[in-house]
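Participant: Here is a sequence with its predicted model. Questions after.
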Amino acid sequence: MVSDILKYKEQTEKFEYTKTLLRAAEQRINFVYMMLMIAFEATILIYILFNAWDDTRFVFGGIAGSVLFFGIVMNAFIHKKNYPWNKYVNTLLIIAAVLVLCRLSEYIVFVFYLLPLISSFYFRPRFSLLTGIICMIMTYIGFMSIMVPIYDANNNIEVDMFKFVISTFDYSEEASVIILSGRSFLLFLSAILVALSVYLSVSGRRFTLRQGELMYKNLTTSAELNVARSIQEGFLSTDFPDNRSYAVYADMKAATEVGGDFYDFFLIDETHLAVVIGDVSGHGTPAAMFMTLVKTLIKVYAQSKLSADKIFDKTNRYLQKSNPAKLFVTGWIGILDLSSGILSYANAGHNYPVIIRGGKEPVFLTSKPNFVLGIRRLIRYKENRTKLRPGDKLILYTDGVTEAKAPDESFFENERLLKVIGEVTDKNQNEIIDAVRSAVDRFENGNSPLDDSTLLTLCFKDYLQEEPPESKIFFLTKETFDEIRNYILERSAAEGCDEKTLDKINLASSEILANIDSYAYENGGEIEILTKCRDHRMTIVFKDDGKPFNPLLEREPDVTLPLSQRAPGGLGIFIVNKVMSETNYAYKGGKNVLTVEIDF
């Protein structure tokens with residue numbers, strides 16, 4: 001152990017928290033030393049006041065008291081600061097005071113046993129070893145001080161400390177007797193205490209370093225979780241629509257930094273709105289990561305225009321094959337036809353939604369629940385249908401709402417949820433969710449939530465009235481080329497497209513018109529332009545009755561090659577695909593129909 005102590009090299013404080021902890025330890029022990037000085041100072045005063053006022057007590061007590069008073073004043077002024085030299089000064093002052101007091105009583109020497117142990121809590125092994133060695137020497141001097149006379153030949157008090165210290169090493173027969181007496185055991189005990197103090201210092205320092213490292217890692221983890229939380233919040237849309245046909249509002253409250261609940265809403269096409277809610281088993285980071293996968297899968301399959309049951313079929317199969325952690329998801333998806341009010345929905349082991357029809361009392365939209373997602377592969381989910389009428393509202397939620405727990409261990413439950421919603425049936429989507437949140441908070445009465453909780457409200461306002469696209473017919477020739485292109489730009493600008501979007505539309509329409517002029521007709525021909533904008537998505541349709549030609553089948557050119565080495569064709573539609581959000585071709589009713597769309 002001794003070799004380990006001597007070879008011990010102080011570790012660099014890698015983390016600022018370690019430095020903070022070590023500084024705090026030093027401040028605590030400096031305070032302990034100041035309290036020790038005050039105790040000694042008080043003891044000296046009491047000893048002098050309540051005993052005979054002889055010269056010996058006055059002189060040695062005064063010297064020690066002066067040393068201690070200096071230390072007390074110094075620590076009082078700098079106790080809120082952390083100077084590295086403070087520990088050295090405190091230790092030397094205590095040692096000096098105790099050494100002087102040894103001239104009054106040899107029993108004071110036992111304080112030297114205490115100092116190495118106190119110094120070990122600085123968590124500085126080298127300092128503890130140095131203090132211990134000094135205290136061992138001082139212990140010996142303290143025990144031998146009885147051999148040194150207090151008075152000189154003229155009967156004056158001897159206060160020469162240097163002479164006093166040197167004299168204790170001037171061995172005589174009496175000194176040998178003292179060394180070989182029971183005091184030798186006390187000297188050996190001081191060596192053991194020094195070794196113990198160094199061990200405590202090493203152990204305490206290692207513990208502090210580890211504690212600082214853990215604090216750093218905890219903060220790093222906390223920071224990463226905060227970032228994950230912000231990413232998750234960004235992943236859950238907060239751009240809630242509120243238009244003439246419908247309104248949606250949602251809120252997710254995680255039990256930890258990140259949660260496993262999710263919600264989603266999106267247009268599958270112009271007339272179909274999907275609303276989704278789900279709850280991954282457990283909560284925290286694993287559930288959040290799994291939630292991201294599930295939400296993405298559902299949206300991808302929904303935008304492929306699959307039915308609600310098929311969306312869950314495909315999602316379940318994918319999750320069952322890619323789920324080593326054996327997590328599962330309860331979910332509910334509804335697809336609302338905005339033009340008819342028909343709601344198609346499927347339930348994967350999730351809570352029944354609450355529906356409010358015509359402002360009447362809320363009820364649960366019950367159906368036979370299917371199995372959860374992600375566990376069994378050969379599960380067939382069933383689609384159900386109902387019709388919503390203008391004014392109807394649908395409230396989706398996760399079990400974190402109904403399973404909220406009060407201090408008396410009771411649950412919020414379904415009946416209380418219906419009662420709360422029943423009091424706000426005439427309110428809008430935001431107010432309904434706020435009312436439920438407030439009721440749950442009051443019910444929990446300060447209890448921390450045990451699970452994530454999510455709410456989503458869909459208000460169906462009115463049937464979607466499809467407006468036909470703006471249509472105009474031109475005769476396409478080189479002379480009318482600019483007229484048609486300018487018409488497209490005027491219509492796009494009228495729908496609110498910005499300059500950047502107009503530049504892209506200008507480029508795309510020029511390439512498309514050039515292609516039609518080159519491939520559909522030999523000497524010009526009729527072309528119909530249809531334009532429509534909805535939800536910041538501009539749609540432009542080009543219809544011509546020329547030769548059937550699908551430009552999307554053209555091989556994409558290798559733009560990395562020089563022009564002389566490229567195969568002819570394909571560059572125009574390549575440019576269109578790059579600048580527009582979506583491009584589609586169909587041959588309908590004897591006409592080429594090319595549709596391009598761009599989001600802005």
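Facilitator: Yep, it's here. If you're wondering where the values come from, they're calculated on a predicted model, not measured in any experiment.

Participant: Please make it C-alpha for all contacts and neighbour counts, starting now.
Facilitator: Fine.

Participant: I'd like to know how far Tyr140 sits from Leu117.
Facilitator: Noted for Tyr140: a distance of 18 Å to Leu117, by CA to CA, to the nearest Å.

Participant: Sorry, slip of the keys, the one I care about is Asn447.
Facilitator: From Asn447 across to Leu117, the span is 45 Å (CA to CA).

Participant: Show me which of those two is the more surrounded one.
Facilitator: Here Asn447 and Leu117 are compared on neighbour count by other CA atoms under 10 Å; more neighbours surround Leu117, at 22 against 13.

Participant: which residues touch that one?
Facilitator: With contacts taken as CA atoms under 8 Å, 6 or more residues apart in numbering, Leu117 has the following neighbours: Leu193, Val194, Leu196, Ser197.

Participant: ok, these vs Lys504, which is closest?
Facilitator: Ser197 (77.3 Å; CA to CA).

Participant: Where does that closest one fall, secondary structure wise?
Facilitator: If you go by DSSP states H and E, Ser197 is part of helix 183-235.

Participant: what's the next secondary structure element after that helix?
Facilitator: Going down the chain from helix 183-235, the next helix or strand is strand 246-253, by DSSP H and E.

Participant: list the buried ones in that following strand?
Facilitator: Within strand 246-253, the residues that count as buried by 16 or more other CA atoms under 10 Å are Tyr246, Ala247, Val248, Tyr249, Ala250, Asp251, Met252, Lys253.

Participant: hang on, the earlier thing: include distance to Ser453, neighbour count and pLDDT when you put the contacts of Leu117 into TSV, please.
Facilitator: Formatted as TSV, the contacts of Leu117 follow (distance: CA to CA, whole Å; neighbours: other CA atoms under 10 Å; pLDDT from 0 to 100):
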residue	distance to Ser453	neighbour count	pLDDT
Leu193	58	19	76
Val194	59	26	75
Leu196	54	18	78
Ser197	53	26	77
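
Participant: Tell me the one among those residues nearest to Phe123.
Facilitator: Among these, and counting by CA to CA, the member closest to Phe123 is Ser197, at 9.8 Å.

Participant: you'd agree the closest one is up against Pro116?
Facilitator: Yes - in this structure Ser197 lies within contact range of Pro116 using CA atoms under 8 Å: 5.7 Å.

Participant: Touching both of the two, which residues are there?
Facilitator: Overlap of the contact sets of Ser197 and Pro116 (by CA under 8 Å, 6+ apart) consists of Ser128, Leu129, Gly132.

Participant: Could you export the residues you listed as a markdown table, including secondary structure and neighbour count?
Facilitator: Below are those laid out as a markdown table (DSSP: H, G, I helix; E, B strand; the rest coil; neighbours: other CA atoms under 10 Å):
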| residue | secondary structure | neighbour count |
| --- | --- | --- |
| Ser128 | helix | 28 |
| Leu129 | helix | 23 |
| Gly132 | helix | 29 |
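
Participant: For the residue nearest to Ser581 when sequence neighbours are not counted, list each beta-bridge partner.
Facilitator: Closest residue to Ser581 apart from its sequence neighbours, by CA to CA, 6 or more residues apart in numbering: Ile598 at 4.6 Å. Beta-bridge partners of Ile598, counted by DSSP bridges, are Met538.

Participant: What about Ile598, how many residues nearby?
Facilitator: 19.

Participant: cool, and Asp392?
Facilitator: Here the count is done by other CA under 10 Å, and Asp392 has 20 residues near it.

Participant: swap in Ile516?
Facilitator: Ile516 - counted by other CA under 10 Å - has 23 other residues nearby.

Participant: give me every residue that touches it.
Facilitator: Applying CA under 8 Å, 6+ apart, we find Ile516 in contact with Asp544.

Participant: how about the CA coordinates for the helix or strand harbouring it, as CSV?
Facilitator: Under the assignment given by DSSP H and E, the secondary-structure element containing Ile516 is helix 499-519. As requested, C-alpha coordinates have been extracted for helix 499-519 and formatted as CSV (Å, rounded to 0.1, in the frame of the first residue of the first chain):
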residue,chain,number,x,y,z
GLU,A,499,-40.9,34.7,-56.2
LYS,A,500,-38.8,31.6,-55.7
THR,A,501,-41.7,29.3,-56.4
LEU,A,502,-42.7,31.4,-59.5
ASP,A,503,-39.1,30.9,-60.9
LYS,A,504,-39.4,27.2,-60.5
ILE,A,505,-42.9,27.1,-62.1
ASN,A,506,-41.5,29.3,-65.0
LEU,A,507,-38.7,26.9,-65.6
ALA,A,508,-40.8,23.8,-65.4
SER,A,509,-43.7,25.1,-67.6
SER,A,510,-41.2,26.2,-70.2
GLU,A,511,-39.7,22.7,-70.4
ILE,A,512,-43.1,21.0,-70.5
LEU,A,513,-44.5,23.3,-73.2
ALA,A,514,-41.4,22.8,-75.3
ASN,A,515,-41.8,19.0,-74.9
ILE,A,516,-45.5,19.1,-76.0
ASP,A,517,-44.6,21.3,-78.9
SER,A,518,-41.8,18.9,-80.0
TYR,A,519,-43.5,15.5,-79.5
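
Participant: in that helix, what's buried?
Facilitator: In terms of neighbour count (16+ other CA under 10 Å), helix 499-519 has its buried residues at 501-502, 504-517.

Participant: Chain neighbours aside, what residue packs nearest to Val275?
Facilitator: Nearest residue to Val275, sequence neighbours excluded (CA to CA, 6+ apart): Phe265, at 4.4 Å.

Participant: Isn't that neighbour up against Leu273?
Facilitator: Yes - checked against CA under 8 Å, the pair Phe265 and Leu273 is within contact range at 7.1 Å.

Participant: thinking again about what came up before, so which strand or helix has the residue nearest to Val275?
Facilitator: Element membership of Phe265, judged by DSSP H and E, is strand 261-267.

Participant: List of residues touching stretch 81-98?
Facilitator: The set of residues that contact stretch 81-98 without belonging to it, under CA under 8 Å, 6+ apart, is 23, 26-27, 30, 33-34, 37, 63-65, 67-68, 71, 108-109, 111-112, 115, 131, 135, 138.

Participant: Show only the entries of the residues you listed found in strands.
Facilitator: Nothing among the contacts of stretch 81-98 maps onto strands, per DSSP state E.

Participant: Which among those count as buried?
Facilitator: Buried residues within the contacts of stretch 81-98, defined by neighbour count using 16+ other CA under 10 Å: 23, 26-27, 30, 33-34, 37, 63-65, 67-68, 71, 108-109, 112, 115, 131, 135, 138.

Participant: What's the separation between Thr238 and Leu456?
Facilitator: 12 Å.

Participant: Val275 too?
Facilitator: Distance check for Val275 against Leu456: by CA to CA, it reads 9 Å.

Participant: Looking at those two, which is more packed in?
Facilitator: Neighbour tally, Val275 and Leu456, criterion other CA under 10 Å: the higher count belongs to Leu456, 26 against 21.

Participant: how about the nearest residue to the more buried one once chain neighbours are set aside, what does it touch?
Facilitator: Taking CA to CA, 6+ apart, and ignoring the residues beside it in sequence, Leu456 has Ala250 as its nearest neighbour in space, at 4.1 Å. Residues counted as contacts of Ala250 (CA under 8 Å, 6+ apart) are Thr238, Phe240, Tyr263, Asn430, Ile433, Thr454, Leu455, Leu456, Thr457.

Participant: between the helix or strand that the fifth one is a member of and strand 246-253, how many degrees?
Facilitator: The one in question is Ile433. Secondary structure here is read from DSSP H and E; on that basis Ile433 sits in helix 429-444. Here the directions of helix 429-444 and strand 246-253 differ by 30 degrees (axes from the mean of the first three to the mean of the last three CA atoms, to 10 degrees).
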